[in-house]
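Undergrad: structure of the sequence below:
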Amino acid sequence: MSLRLIDKESIASDFSDDPAKSFTPNAGYFFDSAVYEAEQAKIFQRSWMYFCHQSQIPRPGDYRVGEVAGQSICVVRGQDSQIRAFFNVCRHRAHQLLRGSGNLKSTIRCPYHSWTYDLEGRLRHAPHCETVRDFEKNSVVLSSVRVEVAAGFVFVNLAPRSGALAECLPGFEEKLLEMVPEAPQLKSASTQGLRYKGELEGGGREFSRELSLVLLGTGA
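TA: As a prediction, the model looks like this:
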């Protein structure tokens, strides 16, 4: 199946913008890797995606790592209590910087060659690079990801030129607070690990997935 099948101009005639005329897509739209890659690039890498609740990174230095549209992202609360997000790769050799979640004292250190960044993403230490010609340490920063908080929920967007969260989802925060006024004060009550197995229809191939379900509560 070609990527062009999900382009608006050449979309299959079975599709319609009118929900009353909606039709079940053919199987390729669910299983074709080209369609999946196009959806990642055209939808999920350009949209505001929920990442975590602010209560999961309450203290300066707290961080969480997650995957968004195939990219490893780390969200960090800085010493100034501001929440920032970065692509979770070192600017030196693209090694993964952080795993899981935890608390950082004041820096992010790459486990590969010990390049060290502050919690705002600025390079602070690069061993053995002082002799590299034209190396400007102050010009090296982690690649940032757009991040916003709405009603206590942290969202990230991989597209640097995308509109603000309120512009893309008008009325979202207001409606959420209307339904759950205590949303910003929610706390992580527990995390449950789930594992499920299944079989792809027709192909006989089994798959297995693990999920982490975070339950939020008021703590009362």
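Undergrad: do a quick rundown of the helices in the chain.
TA: 28-31, 33-39, 165-168, 172-179 (DSSP state H).
Undergrad: worst average pLDDT in these?
TA: Lowest mean pLDDT of these: helix 28-31, a mean of 80.
Undergrad: distance check, the residue most central in space within the chain against residue 155.
TA: Centroid-nearest residue in the chain: residue 68, 3.5 Å away (criterion: C-alpha atoms, centre = their mean). Applying C-beta to C-beta, to the nearest Å, the value for residue 68 to residue 155 is 10 Å. C-betas here are computed from N, CA, C, even on glycine.
Undergrad: returning to what we had before: could you dump the helices of the chain to JSON lines with mean neighbour count and distance to residue 150?
TA: Shown next, in JSON lines, are the helices of the chain (neighbours: other C-beta atoms under 10 Å; distance: least, C-beta to C-beta, whole Å):
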{"stretch": "helix 28-31", "mean neighbour count": "14", "distance to residue 150": "31"}
{"stretch": "helix 33-39", "mean neighbour count": "14", "distance to residue 150": "24"}
{"stretch": "helix 165-168", "mean neighbour count": "14", "distance to residue 150": "6"}
{"stretch": "helix 172-179", "mean neighbour count": "14", "distance to residue 150": "4"}
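Undergrad: which one of the ones you listed lies nearest to residue 62?
TA: Across the helices of the chain, residue 62 has its closest neighbour in helix 165-168 (21.4 Å, C-beta to C-beta).
Undergrad: wait, the residue nearest to the centre of the chain sits on residue 158?
TA: Yes - look at residue 68 against residue 158 with C-beta atoms under 8 Å: they come within range, at 6.4 Å.
Undergrad: what sits in contact with each of residue 68 and residue 155?
TA: 49, 51 (C-beta atoms under 8 Å, 6 or more residues apart in numbering).
Undergrad: can you give the distance from stretch 32-47 to the centre of its chain?
TA: Between the centre of stretch 32-47 and the centre of its chain there are 14 Å (C-alpha atoms, centre = their mean, to the nearest Å).
Undergrad: so how far does that stretch reach from one end to the other?
TA: Start-to-end span of stretch 32-47 (C-alpha to C-alpha, to the nearest Å) is 22 Å.
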